[in-house]
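Q: pasting the sequence and the predicted model now:
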Amino acid sequence: MNKNILLETKNLTKSFHRRTVVEDIDIKVYKGDIYGFLGRNGQGKTTIIRMLTGLVYPDKGTVTFSGYDLKDDFKNAINQVGAMVESPSFYGYLSGYNNLKLIANLIPGLEKGHIMEVLSIVGLENRAKDKVSTYSLGMKQRLGIANALLGNPQLIILDEPTNGLDPQGMMEIEELILYLAREKNITFFISSHLLHHMQNICNRIGIIHGGKLVTEDRIENLCGNGSGESLEDFYFRLTREV
Ligand SMILES: Nc1ncnc2c1ncn2[C@@H]1O[C@H](COP(=O)(O)OP(=O)(O)OP(=O)(O)O)[C@@H](O)[C@H]1O
């Protein structure tokens, strides 16, 4: 087992109503990566993320986190990961703190002080006691990231974390991801169709198109090489060819 691989999928395949929507997906996420998982709408990103987080069973293939198989060793596997999948839903009539407390109660051995710690990491310490219904969308996303941090994961999976945010909100989420990666050594797997944002923060990229992983590599190997090609241009060139 390679200890540097935090997430690995092999031959991950899923069909709905006999239509194969993702096929033979082999992903590798290494410790320290900010991995951008890119693809247009409807290409299969959410289906894959749902398989990674145990929300959907694959028809074929495996998912392992730090070598633990998600199917055979669910508890150890899922303990390695925090996730924010789709828009995080919280109780609007409860405070951010109390929403996290509800979730923290399900995590054995978690110290109560840790809730304030994660809220302060995402910059919500001054709004912790306010009802979530008063939060902006960006604050709700940051609360979603605080939630993902609760179990002290090595890897965080984020599904479209900047969707619907204004430029300021997007920048705050990007800065938070970079801070967590650099200062807290957290590895990220982030799905998005916002290519220029991904170019700002990611070191490795996987592109899904037509349900297949059409490329996976370091960003500089894909669109660097001194050509000045942007990730956006590379993406359109590649998906035109396949
Ligand atoms: N439960 C389901 N039943 C039937 N078809 C589904 C189901 N979930 C997803 N699909 C289909 O699988 C394909 C991939 O969908 P998926 O949501 O994974 O794509 P996506 O890349 O995440 O797109 P988006 O960015 O729009 O969420 C689509 O054609 C979708 O209609």
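A: Perfect, I can see it now.
Q: show me what the biggest helix by length in the chain is packed up against.
A: Counting residues, the longest helix found in the chain (DSSP state H) is helix 167-183. Helices and strands touching helix 167-183, by 3 or more Cβ pairs under 8 Å, 6 or more residues apart in numbering; DSSP states H and E, are strand 34-38, helix 137-149, strand 187-192, helix 195-201. Bear in mind the C-beta positions are built from the backbone N, C-alpha and C, glycine included.
Q: run through the neighbouring helices and strands of the longest one.
A: Taking 3+ Cβ pairs under 8 Å, 6+ apart as the contact definition, the neighbouring helices and strands of helix 137-149 are strand 81-84, helix 96-104, helix 113-121, strand 155-159, helix 167-183.
Q: swap the cut-off to 7 Å and go again
A: Counting contacts by 3 or more Cβ pairs under 7 Å, 6 or more residues apart in numbering; DSSP states H and E, helix 137-149 packs against strand 81-84, helix 96-104, helix 113-121, helix 167-183.
Q: likewise the third one?
A: Based on contacts counted as 3+ Cβ pairs under 7 Å, 6+ apart, the elements that strand 187-192 packs against are strand 34-38, strand 155-159.
Q: name the residues that touch it?
A: By Cβ atoms under 7 Å, 6 or more residues apart in numbering, the surrounding residues in contact with strand 187-192 are 6-7, 29, 31-38, 45, 49, 154-162, 177, 181, 198.
Q: which of these are buried?
A: 6-7, 29, 31, 33-38, 45, 49, 154-162, 177, 181, 198 (16 or more other Cβ atoms under 10 Å).
Q: so which of the residues you listed reach the ligand?
A: Among the buried ones among the contacts of strand 187-192, the ones lying near the ligand by Cβ under 6 Å from any ligand atom are residue 45.
Q: where does the protein have low pLDDT?
A: In the predicted model, the chain carries pLDDT under 70 at residues 1, 224-227, 241-242.
Q: so which residues on it come close to the ligand?
A: Going by Cβ under 6 Å from any ligand atom, the residues of the chain near the ligand are 16, 17, 21, 39, 41, 42, 43, 44, 45, 46, 47.
Q: for the third one, give me its contacts.
A: Right, the one you point to is residue 21. Counting by Cβ under 7 Å, 6+ apart, residue 21 touches 14, 15, 44, 47, 211.
Q: ramachandran coordinates for the third one?
A: Note on residue 44: backbone dihedrals following degrees, to the nearest 10 are phi 120, psi 10.
Q: secondary structure element holding the spatially closest residue to it that is not a sequence neighbour?
A: Leaving aside its chain neighbours, residue 44 sits nearest to residue 22 (4.0 Å; criterion: Cβ to Cβ, 6 or more residues apart in numbering). According to DSSP states H and E, residue 22 maps onto strand 19-30.
Q: the nearest residue to residue 136 once chain neighbours are set aside and residue 176, how far apart?
A: The shortest distance from residue 136 to any non-neighbouring residue, by Cβ to Cβ, 6+ apart, is to residue 169 (7.2 Å). Using Cβ to Cβ, to the nearest Å, residue 169 is found at 11 Å from residue 176.
Q: now the common contact residues for these two.
A: Common neighbours of residue 169 and residue 176, using Cβ under 7 Å, 6+ apart, do not exist here.
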